[in-house]
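S.K.: The following block contains a protein sequence and its predicted model.
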Amino acid sequence: MATYDAHMNEVTPGGFPLRLENCSIERTLGVVGEKWTFLVLREAFAGVRRFADMQLATGAPRQVLSARLTRLVEAGLLRKVPYREPGQRQRDEYRLTQMGLDLYPILVSLMQWGDRYLSDGEGPPVLLTHRDCGAPIGQYFRCAEGHEVAGPRQVTALPGPGLRAAPALPPAGASAEVTS
């Protein structure tokens with residue numbers, strides 16, 4: 001049964017507040033939670049580095065692509081590397097940082113979910129294989145002991161050391177008291 005503390009939000013049966021102040025999923029979506037961002041990352045993982053090539057591959061409007069690239073550089077997922085074609089002005093390529101490379105499993109998961117539930121019946125448009133042996137790539141959850149975890153019903157979420165509950169919200173229909 002959920003408990004309620006007047007100084008905290010309502011909590012779940014596992015002891016978590018219903019709203020976290022510092023949710024990692026919310027923070028991540030603040031950086032990557034937008035269609036064009038994922039398409040830019042898709043192209044970066046495919047080796048596309050230059051603005052014009054990225055625009056052609058994603059179909060993003062110029063201003064949108066420019067804003068997304070700027071945001072990904074500011075967030076530390078991409079870095080700019082200058083280059084110059086003969087007779088041209090200096091331009092920048094966009095390369096993944098380690099922080100950006102660490103998002104690869106998320107993109108693969110999104111792709112595999114789309115292949116499973118949103119395909120047009122002809123099969124996946126892209127197959128990922130292991131470069132060394134050619135076997136298909138699959139993603140699996142494993143615990144630190146090496147056990148395969150089949151899904152969310154086999155996972156227990158526990159409060160971590162950085163957990164912070166968001167300030168309590170007044171009950172629906174109640175007016176919040178403001179003090180100065």
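M.R.: Thanks, I have it.

S.K.: what's the weakest-modelled helix or strand in the chain?
M.R.: helix 24-32 (a mean of 86; mean pLDDT, DSSP states H and E).

S.K.: quick check: angle from the very next helix or strand once past it to helix 24-32?
M.R.: Toward the C-terminus, helix 24-32 is succeeded by helix 35-45 as the next helix or strand (DSSP states H and E). Counting by axes from the mean of the first three to the mean of the last three C-alpha atoms, to 10 degrees, helix 35-45 lies at 80 degrees to helix 24-32.

S.K.: quick one on the thing from earlier: export only the CA atoms of the least confident helix or strand of the chain, formatted as CSV.
M.R.: Taking C-alpha atoms only, helix 24-32 is exported to CSV below (Å, rounded to 0.1, in the frame of the first residue of the first chain):
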residue,chain,number,x,y,z
SER,A,24,17.7,10.1,-15.4
ILE,A,25,15.2,9.3,-18.1
GLU,A,26,13.8,12.8,-18.0
ARG,A,27,17.3,14.3,-18.1
THR,A,28,18.3,12.1,-21.1
LEU,A,29,15.1,13.1,-23.0
GLY,A,30,16.0,16.7,-22.4
VAL,A,31,19.1,16.1,-24.5
VAL,A,32,17.9,13.5,-27.1
